[in-house]
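In: Give me a model of this one.
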Amino acid sequence: MLKNLNPEEILFIDIETIPQVASFDELENNWQKLWEQKMSYQLSEKATPSDLYERAGIYAEFGRIICISAGYIYQKQGEYKFRVKSFHDENEKKLLQEFNNSLDQFTRLGKKRLCAHNGQEFDFPYIARRTLTNGLKLPKILDVAGAKPWEVKEQLMDTLQLWKFGDYKHYTSLSLLCAVFNIPTPKDDIDGSQVAKVYYEENNLDRIITYCEKDTLAVANLLLRYQGRRIIPIENMEVA
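Out: All right, here's what the predicted structure looks like:
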């Protein structure tokens, strides 16, 4: 599969998510109870619902998307380049509407597949769930209900799943694989666990966008490494 895969037909994406509100105390009472139920198996004397709320951003029911970066590989004078565009807005519905419209445009331009790291368990379903939550129509490429498993994997690629080689237990982070394949890491500023703090406490969305864009390039470079190709240096990344 990897040998015959054209990387120029892929749209690489990464998303950044945060809890719906800055703290557990800001939740309405019914949502506090729902969060307590969600975290019931993790609660202890040392871990209260309020303590665990920092994890809320990873759950589509309790979180929201603040940035989606999407990039693609193209050739110029025989050299691979990477062009990335970020979708961000305080209004999540507007963000998703713009991104989903662009997805359909990318599909028409020949970008037949999406690719993300851990995309099958996080990015793809998260976008789909937040799309429906906001009352929007699913883009065709994410509307996979009823599709065969191999059909889903054909259009929704995952660099984590490719690395597993059928192993259901094995999780490997993007930062570790970047180290393994000698790819400059995007984790030189913040990591996913710090995004909510940077957003709510520092009010620095630009910092998050830059991190997200570099993550997207890292995913593209990881796939290129899987194929035995050279990586795209950061200076060959263009921001739309």
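In: give me the number of residues near the nearest residue to Tyr200 once chain neighbours are set aside?
Out: Leaving out its chain neighbours, the residue that sits closest to Tyr200 by CB to CB, 6 or more residues apart in numbering is Ala22, at 4.3 Å. The C-beta positions use only the backbone N, C-alpha and C, and glycine is treated the same way. By other CB atoms under 10 Å, 14 other residues sit near Ala22.
In: Then Ala22 would be within a strand, right?
Out: No: secondary structure of Ala22 (DSSP: H, G, I helix; E, B strand; the rest coil): coil, not part of a strand.
In: Test for you: state the pLDDT assigned to it.
Out: Among the per-residue scores, Ala22 holds a pLDDT of 96.
In: what is the rounded mean pLDDT of whichever helix or strand Tyr74 is part of?
Out: Assigned by DSSP states H and E, Tyr74 belongs to strand 63-76. The average pLDDT within strand 63-76 is 95.
In: buried set for the helix or strand that that strand is followed by?
Out: Per DSSP H and E, the first helix or strand lying C-terminal to strand 63-76 is strand 79-88. For strand 79-88, the neighbour count (16 or more other CB atoms under 10 Å) marks 80-82, 84-88 as buried.
In: Each with direction, which strands does strand 79-88 pair with?
Out: strand 63-76 (antiparallel), strand 237-239 (parallel) (DSSP bridges).
In: For the next helix or strand after it, name the packing helices and strands.
Out: Following strand 79-88 in sequence order, the next helix or strand is helix 92-108 (DSSP H and E). Contact partners of helix 92-108 among helices and strands, from 3 or more CB pairs under 8 Å, 6 or more residues apart in numbering; DSSP states H and E: strand 63-76, strand 79-88, helix 123-133.
In: if we go to 6 Å?
Out: Helix 92-108 sits against strand 63-76, strand 79-88, with contacts defined as 3 or more CB pairs under 6 Å, 6 or more residues apart in numbering; DSSP states H and E.
In: Can you give the distance from it to the centre of its chain?
Out: Counting by CA atoms, centre = their mean, to the nearest Å, helix 92-108 is centred 15 Å from the centre of its parent chain.
In: Between which two of the buried residues of strand 79-88 is the distance greatest?
Out: By the measure CB to CB, Tyr80 and His88 form the most distant pair in those, at 25.9 Å.
In: For the strand holding Tyr74, list every residue counted as buried.
Out: Neighbour counts over strand 63-76 (16+ other CB under 10 Å) mark 63-73 as buried.
In: pLDDT weak spots in the chain?
Out: Where the chain drops to pLDDT under 70, the residues are 1, 45, 146-153, 186-188.
In: ok, which stretches of it are strands?
Out: With DSSP state E, the ranges of strands along the chain come out as 10-19, 63-76, 79-88, 113-116, 156-158, 237-239.
In: From the contact counts, what lies against the first one?
Out: What that stands for is strand 10-19. Strand 10-19 packs on strand 63-76, strand 113-116, helix 195-200, helix 205-226, going by 3+ CB pairs under 6 Å, 6+ apart.
In: okay if I get those as CSV plus distance to Thr172?
Out: Shown next, in CSV, are those (distance: least, CB to CB, whole Å):
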stretch, distance to Thr172
strand 63-76, 21
strand 113-116, 14
helix 195-200, 21
helix 205-226, 10
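In: about what we covered before: just want the phi and psi numbers for the residue nearest to Tyr200.
Out: phi -70, psi -30 (degrees, to the nearest 10).
In: any idea how far it is from Gly166?
Out: 41 Å (CB to CB, to the nearest Å).
In: Of all the helices and strands packed on strand 10-19, which one is nearest Phe106?
Out: Here strand 63-76 is closest among these (CB to CB), at 7.4 Å.
In: So what touches that closest one?
Out: 7-8, 11-20, 56-57, 80-82, 84-88, 92, 99, 130, 208-209, 212-213, 216, 220 (CB atoms under 6 Å, 6 or more residues apart in numbering).
In: Thanks a lot, see you next time.
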